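Visitor: got a sequence here, can you build the structure:
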Amino acid sequence: MSDTTSAPSTAATFDLTGWTFGDANAVEWQVIGDGVAMKMLATADGTAIALFRFEPGYRGTPHHHEQAEFSYVLEGTLLSNGVVMPAGQAYAAPAGTDHEEFGTDEGATLVSVFKLPS
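Guide: Numbers count the residues shown, from 1 in each chain. Below is the predicted model of the structure:
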């Protein structure tokens with residue numbers, strides 16, 4: 001994650017207090033579990049936007065969404081609660097829902113917006 005000092009240069013001046021700008025090409029993949037890596041791109045007010053890369057055969061554990069979660073499949077195919085999602089598809093999981101099935105046979109990369117754990 002970068003701070004406001006790395007914000008894109010513009011002709012106009014904007015107040016970027018509190019803004020963060022992320023460059024996926026400048027962030028290394030961080031392994032966060034068996035078969036899954038993440039690139040944290042930016043955060044604000046306890047919410048994050050990140051890239052996730054899931055290896056072929058990945059299966060996530062069931063979990064509860066305390067807050068809403070939004071994901072968009074960039075590459076590969078994802079299986080989410082019985083729905084097969086190829087690249088170009090997205091889901092929005094409202095707060096209070098359960099993610100009971102989450103995985104990929106061929107591998108997948110997605111971008112997600114989610115509340116950071118407290």
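Visitor: settle this for me: residue 104 is touching residue 60, isn't it.
Guide: No. Using Cβ atoms under 8 Å, residue 104 is not in contact with residue 60, being 9.4 Å away. Heads up, the C-betas are built off the backbone N, CA and C, glycines and all.
Visitor: neighbour-wise, which of those two wins?
Guide: residue 104 (25 against 17; other Cβ atoms under 10 Å).
Visitor: in the protein, where is pLDDT below threshold?
Guide: Residue ranges of the chain with pLDDT under 70: 1-11.
Visitor: how about the helices in it?
Guide: In the chain, no helices are defined using DSSP state H.
Visitor: counting by contacts, list what the biggest strand by length in it packs against.
Guide: Counting residues, the longest strand found in the chain (DSSP state E) is strand 69-80. Based on contacts counted as 3 or more Cβ pairs under 8 Å, 6 or more residues apart in numbering; DSSP states H and E, the elements that strand 69-80 packs against are strand 47-54, strand 83-86, strand 90-93, strand 102-103, strand 108-115.
Visitor: repeat the analysis, applying 7 Å as the threshold.
Guide: Where contact means 3 or more Cβ pairs under 7 Å, 6 or more residues apart in numbering; DSSP states H and E, strand 69-80 is packed against strand 83-86, strand 90-93, strand 108-115.
Visitor: since that was my last question, I'll sign off now.
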